[in-house]
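>>> structure for the following, please:
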Amino acid sequence: MLSRFDFVKALGGFKPRQVYLLLSRTGSGKSTLLNALVCDASKSTRISFFASEEYEDQVRDNLTDRESANLENIDIISERLFVRDNEDISTKDYFDWLRGKLVAFESKFLVFDNLTTSNAYITKSPKEQVLFYEQFAAVAYDLEIPVFIVAHVTDKANLNPGLLSPDDISYSKQPAKKAENVITLEKVLSLVGGETEMFTLVRLAKNRFGTVNRIFRLYWNNSARIYTSDSERNFIQVKSILDSRLRM
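Numbers count the residues shown, from 1 in each chain. Got it, this is the predicted structure:
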């Protein structure tokens, strides 16, 4: 699967039968990064892009406004249309519907944006939320595809200036505990030489073997309004710099 980003290569790419969880604060550039990942992957892979908040035309516009996604390789699915007509849908029926979409499109990659804004998820009890998440792992395993899930963090984490951790996920903590891979996205303002400088950072916080501390700086093209590349930085050095930063 193609990608312009070194952090994806550091993950070994997006591997079948694994779940990847991206956590971010509000306004951190999550959608912009996600669109870049999907655009790159669509050049060689059939993708099911699931949107919990947006309609299909909105997602399509986002993927083509700044990026050049191959829309023939992307099946856009809006939860809003399905759940609107099935307000009391069970987890089983929800994932039977989702699996049917994946199989019909012969998808090789599921992108789910956003777990913590999905009405089918957030309206359930904490116990039911765990069962809901476990269905993603079952989909990844049974269909032999990677599953990439986006989630927000808690209100407390939104205000906390520290680096995000997997436990900062909104609602149930179990998805972050159970996912093989957890990635965090941070946008910060740091004091450098008496002036403020903005950084957007991607941290590989967890892989299937445990905690990871690898961090990458994303580079932004202001005229095109896209992320173009990234480079790995020394985690300890970056953390020490960020200890005195001003957060966006």
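>>> part of a strand, is residue 62?
No - counting by DSSP: H, G, I helix; E, B strand; the rest coil, residue 62 is not part of a strand but helix.
>>> show me where this protein has helices.
6-10, 30-42, 56-65, 79-84, 91-105, 119-122, 126-143, 155-159, 174-178, 235-242 (DSSP state H).
>>> chain neighbours aside, what residue packs nearest to residue 143?
residue 102 (6.0 Å; Cβ to Cβ, 6 or more residues apart in numbering). Glycine gets a C-beta too; all of them are placed from N, C-alpha and C.
>>> for that neighbour, the count of nearby residues, please.
24 (other Cβ atoms under 10 Å).
>>> likewise residue 166?
19.
>>> and the residue nearest to it when sequence neighbours are not counted, what is it in contact with?
Closest residue to residue 166 apart from its sequence neighbours, by Cβ to Cβ, 6+ apart: residue 176 at 3.7 Å. Residues counted as contacts of residue 176 (Cβ atoms under 8 Å, 6 or more residues apart in numbering) are 21, 23, 151, 166, 167, 169, 182, 206.
>>> among these, which ones are in strands?
If you go by DSSP state E, the contacts of residue 176 have 21, 23, 151, 182, 206 in strands.
>>> farthest pair within the residues you listed?
151 and 206 (13.5 Å; Cβ to Cβ).
>>> quick one: which of the ones in strands among the contacts of residue 176 is most hemmed in?
residue 23 (30 neighbours).
>>> let me know the pLDDT of residue 240.
What the model reports as pLDDT for residue 240 is 74.
>>> repeat that for residue 206.
pLDDT for residue 206: 94.
>>> pLDDT below threshold where in this structure?
Counting by pLDDT under 70, the ranges of the chain that qualify are 83-87, 190-194, 241-248.
>>> how does it look with 50?
Applying pLDDT under 50 to the chain picks out residues 246-248.
>>> between the ones in strands among the contacts of residue 176, which sits nearest residue 40?
Distance to residue 40, by Cβ to Cβ, is smallest for residue 21 among those, at 19.1 Å.
>>> how about the nearest residue to that closest one, chain neighbours excluded?
Here the residue nearest residue 21, using Cβ to Cβ, 6+ apart, is residue 179, at 4.1 Å.
>>> the one you found: how many residues sit nearby?
For residue 179, the number of neighbouring residues by other Cβ under 10 Å comes to 26.
>>> ok, residue 60 next?
Residue 60, neighbours per other Cβ under 10 Å, totals 16.
>>> doesn't residue 72 make contact with it?
No - if you go by Cβ atoms under 8 Å, residue 60 and residue 72 don't touch, sitting 12.0 Å apart.
>>> residue 78 contacts residue 51, doesn't it?
Yes - shown here, residue 78 and residue 51 form a contact pair, counting by Cβ under 8 Å, at 5.4 Å.
>>> joint contacts of the two?
Shared contacts of residue 78 and residue 51, defined by Cβ under 8 Å, 6+ apart, are found at residue 59.
>>> wait, doesn't residue 137 sit right on residue 19?
Yes - Residue 137 is within contact range of residue 19, at 5.7 Å (criterion: Cβ under 8 Å).
>>> what touches both of these two?
The contact sets of residue 137 and residue 19 overlap at 147, 178 (Cβ under 8 Å, 6+ apart).
>>> neighbour count winner among the two?
residue 19 (24 against 17).
>>> who's in contact with the more buried one?
So residue 19 contacts 136, 137, 140, 146, 147, 148, 149, 178, 179, 180, 181 (Cβ under 8 Å, 6+ apart).
>>> what's the PyMOL line that selects buried ones from the residues you listed?
Of the contacts of residue 19, the buried ones go into a single PyMOL selection, burial set by 16 or more other Cβ atoms under 10 Å:
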select buried, resi 136+137+140+146+147+148+149+179+180+181
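>>> Throw the contacts of residue 19 into TSV and include distance to residue 115, thanks.
Converted to TSV, the contacts of residue 19 look like this (distance: Cβ to Cβ, whole Å):
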residue	distance to residue 115
136	8
137	13
140	14
146	15
147	11
148	11
149	5
178	12
179	10
180	15
181	14
